[in-house]
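Student: I'd like to go over a predicted model; first the sequence, then the structure.
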Amino acid sequence: MSYLTVKTRDAGEGTSIVYIDGYLNSLLGEQVERAVHDILDAGQPRVVLNFEGTKLINSIGISFIIGIVERMMERNGSLAFCSLNRINQELFQMTGVSRYVRTFPSEEEALAYFSQTV
């Protein structure tokens, strides 16, 4: 993947995956937020944010993630994170985000969890 990209994939059964590649700051955060809003507007209630290509997240990036968590809760959607590196996993724990979102080591495990909750 190239630097600062957001790609989405329909995984079926109402689940979409958002691939975040790059430094999660204001520019990339806006792209991620737009992608999640588009997915929800299309009637997909479950979203996996795949952070495999995300090395760092700054404070503005965290604010976008919190906004996405809030939007998912408002829409009664389900959100999961996968493929977090240690630094980003600790960041989500310190900021309290991990209290509201399940995290999984891999995309496959996140999708397996959602397939059980259909």
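Tutor: Sure, I can see it. Numbering: from 1, shown residues only.
Student: for Phe114, helix, strand, or coil?
Tutor: Using DSSP: H, G, I helix; E, B strand; the rest coil, the structure places Phe114 in helix.
Student: which ones are touching it?
Tutor: Under the criterion of Cβ atoms under 8 Å, 6 or more residues apart in numbering, the contact partners of Phe114 comprise Glu13, Thr15, Arg46, Val48, Ser78, Ala80. C-beta coordinates here come from the backbone N, C-alpha and C atoms, glycine included.
Student: let's go with 7 Å and repeat that
Tutor: Counting by Cβ atoms under 7 Å, 6 or more residues apart in numbering, Phe114 makes contact with Thr15, Arg46, Ser78, Ala80.
Student: contacts only, for the last one.
Tutor: The neighbours of Ala80, taking Cβ under 7 Å, 6+ apart as the test, are Val48, Val101, Arg102, Phe104, Ala110, Tyr113, Phe114.
Student: what's the closest of those residues to Gly67?
Tutor: Nearest to Gly67 out of the contacts of Ala80 is Val101 (Cβ to Cβ; 12.8 Å).
Student: neighbours of that closest one, just the number please.
Tutor: Other residues near Val101 number 16, with proximity taken as other Cβ atoms under 10 Å.
Student: could you measure from it over to Cys82?
Tutor: If you measure Val101 against Cys82 using Cβ to Cβ, to the nearest Å, the figure is 10 Å.
Student: tell me where this structure has helices.
Tutor: Defined through DSSP state H, the helices belonging to the chain, from first to last, are 26-41, 59-74, 86-95, 107-116.
Student: wait, which of those is closest to Arg9?
Tutor: Put simply, out of the helices of the chain the one that sits nearest Arg9 is helix 107-116, at 9.5 Å, with distance taken as Cβ to Cβ.
Student: for the closest one, list every residue counted as buried.
Tutor: The neighbour-count check on helix 107-116 (16 or more other Cβ atoms under 10 Å) flags Glu107, Glu109, Ala110, Leu111, Tyr113, Phe114 as buried.
Student: Serialize those to TSV and add fields for pLDDT and distance to Ile62.
Tutor: Formatted as TSV, the entries for these read as follows, by pLDDT from 0 to 100; distance: Cβ to Cβ, whole Å:
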residue	pLDDT	distance to Ile62
Glu107	98	22
Glu109	97	23
Ala110	97	20
Leu111	97	25
Tyr113	94	23
Phe114	92	24
